[in-house]
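1. From the sequence below, what's the structure:
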Amino acid sequence: MQQLNKLIIENKALQNENEDRKEKEAEAKREEQARQDRHKGVLDRFINEGHEQLQAFSQSSRIDFYEKEAKAIYYGILATATKCDTKSKDSNYLFFHLNKILYLCGQ
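-> A predicted model of the protein is given here:
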């Protein structure tokens, strides 16, 4: 009988440990999701600001970007590349496409 009681107590302890582990894993998943949501929000903000600046520039008669516009467009392009994960690790790839886009905007 003592052996059975000991096994029951051990089983309850294991169940409690399992529940604690599940709760910690669920909390870690929620924190990771929140981090990913914040990251996506920042990327979306950069993309939207870049798009707005590019749109404003295209409707103007100017031939040069203001510094604020150029930065917003640049960060918008980088954010788009990061969000789409298009070879974002290769800076030469990003700069090639950035220069191409800026060249086309200047025409």
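
2. Any stretches of this structure with poor pLDDT?
-> Per-residue confidence for the chain (pLDDT under 70) gives these ranges: 85-91, 94, 97-107.

3. one more time with 50, if that's ok
-> 107 (pLDDT under 50).

4. Can you list the residue ranges for strands in this structure?
-> Ranges of strands in the chain, per DSSP state E: none exist.

5. Regarding it, what is its longest helix?
-> Longest helix in the chain by number of residues, with DSSP state H as the criterion: helix 2-58.

6. Can you give the distance from that one to the centre of its chain?
-> 15 Å (C-alpha atoms, centre = their mean, to the nearest Å).

7. What helices and strands are in contact with that helix?
-> Packing partners of helix 2-58 (3 or more C-beta pairs under 8 Å, 6 or more residues apart in numbering; DSSP states H and E): helix 67-84, helix 91-106. Yep, even glycine has a C-beta here, placed from its N, CA and C like the rest.

8. tell me the angle that helix makes with helix 67-84.
-> Put simply, helix 2-58 runs at 140 degrees to helix 67-84, going by axes from the mean of the first three to the mean of the last three C-alpha atoms, to 10 degrees.
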